[in-house]
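S.K.: any chance you could fold what I've pasted below:
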Amino acid sequence: MILSIESSCDDSSVAVTDIATKELLFHRKISQESAHAKYGGVVPELASRLHAVDLPKLLQEAKPWLDDLEAVAVTNRPGLSVTLLEGVAMAQALSIAKGLPIIAVDHLKAHIYSLFIEKETRFPMLVLLISGGHTMVVDVQSFERMEVVASTMDDSFGESFDKTAKMMGLGYPGGPIVEALAARGDPARFDMPIPLRHSPKIAFSYSGIKNAVRLLVEANSPLDEKTKADIAAAFQQAAIEHLLQKCKKIFQRRKPKDFAIVGGASANMAVREAFVNLCGEFGATLHLADLRYCSDNAAMVGRYAIDAFERQLFSDALTIRVSPRSEL
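M.R.: Predicted coordinates for the structure are as follows:
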């Protein structure tokens, strides 16, 4: 079995996965959303202190499996250094105490492996990764070969939802709040720009949409509930249309047979519906992770670790380091 640890941002999570069967034997997550909501976003130092409290609780719950472990896996990049450090410290302690090898896991690669929790690995695949901090398209040929073919020039898709919610005083995390509000709004009421619409550049940009929302909020303040819903609807429609326009260009060039969407923002139902239609247009099969595994979790870390374990990709407990950057 492999014990996996996730602490890259504001979710403390521990899982235990059977190496041979890929069965998820234990999985628990403690969210810090309520603690950060009053600040309108994640406070790194607070998140670190909460991980220091919550991770030992989760490890205690996983105690029945600790004597049967073959390795411990931990997210060590990318993420907030002060929160990553909490998970890495726990992994180092377990490694030294039980003589276990450590598998260092790239958080973005783990999101790709959220597609395969309790399933067999299936590559090649073109993957759209949309989360709070990242927006990119990755051509995944194999475990060893992952090429970023497009990424954001500024804000990410998920980040733009959080910032839109903050500008309208809706709370944190913004993604689910804006999505729910948009379902009740009229997107045609406001003209929202589509970034890079006439540019041949295959990249993403959300700073322009974010600024457009700011201008609408300022022009229509104080906001009534109808106006909030209409702004949310116009914003979400433009944000998704931008994804579609750039991904369509990638589809035309690469003609993928299999396409997937992963990351926390992949739980957005409007995004899923839009890409069902795009994949249908190009005859591609759409793959989506179970909704409970879209946000950060240790189950996806453990699933990636199985394939790494088979390749004997281990790190030394005393030399493993955290990094704010991915190695994709």
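S.K.: packing partners of the lowest-mean-pLDDT helix or strand in the chain?
M.R.: The helix or strand with the lowest mean pLDDT-type score in the chain, counting by mean pLDDT, DSSP states H and E, is helix 33-37 (a mean of 93). Contacts defined by 3 or more CB pairs under 8 Å, 6 or more residues apart in numbering; DSSP states H and E place helix 33-37 against helix 44-61. Every residue, glycine included, has its C-beta placed from N, CA and C.
S.K.: how far away from the center of its chain is the helix it packs on?
M.R.: Centroid separation between helix 44-61 and its chain, computed with CA atoms, centre = their mean, to the nearest Å, is 20 Å.
S.K.: after that helix, next one along is what?
M.R.: strand 71-77 (DSSP states H and E).
S.K.: report the buried residues of that next one.
M.R.: Taking 16 or more other CB atoms under 10 Å as the basis for neighbour counts, the residues of strand 71-77 that come out buried are Ala71, Val72, Ala73, Val74, Thr75, Asn76, Arg77.
S.K.: wait, the second one touches Ile2, no?
M.R.: In this case it means Val72. Yes: taking CB atoms under 8 Å as the definition, Val72 is a contact partner of Ile2 at 7.1 Å.
S.K.: need the residues touching each of these two.
M.R.: A shared contact of Val72 and Ile2, defined by CB atoms under 8 Å, 6 or more residues apart in numbering, is any residue touching both; here these are Ile103.
S.K.: flag the shaky bits of the stretch 101-250 of the chain, pLDDT-wise.
M.R.: Applying pLDDT under 70 to the predicted model, the stretch 101-250 of the chain contains no residue that meets it.
S.K.: which stretches of it form helices?
M.R.: Counting by DSSP state H, counting those that start in this stretch, the stretch 101-250 of the chain has helices at residues 107-113, 157-167, 174-182, 207-220, 225-254.
S.K.: in the second one, which of the residues would be classed as buried?
M.R.: Applying a neighbour-count criterion of 16+ other CB under 10 Å, the buried positions in helix 157-167 are Phe157, Gly158, Glu159, Ser160, Phe161, Asp162, Lys163, Thr164, Ala165, Met167.
S.K.: show me what that helix is packed up against.
M.R.: Contacts of helix 157-167 with other secondary structure elements, assessed using 3+ CB pairs under 8 Å, 6+ apart, are made with helix 174-182, helix 207-220, helix 225-254.
S.K.: spatially central residue for the chain, please.
M.R.: Gly263 (3.0 Å; CA atoms, centre = their mean).
S.K.: find the nearest non-adjacent residue to Met146, please.
M.R.: With sequence-adjacent residues excluded and distances taken as CB to CB, 6 or more residues apart in numbering, Met146 is closest to Val140, at 5.0 Å.
S.K.: now for that neighbour: which residues touch it?
M.R.: For Val140, the contacting residues are Ile112, Phe123, Pro124, Met125, Leu126, Val127, Met146, by CB under 8 Å, 6+ apart.
S.K.: the same query, at a cut-off of 6 Å, please.
M.R.: The contact partners of Val140, taken as CB atoms under 6 Å, 6 or more residues apart in numbering, are Phe123, Met125, Val127, Met146.
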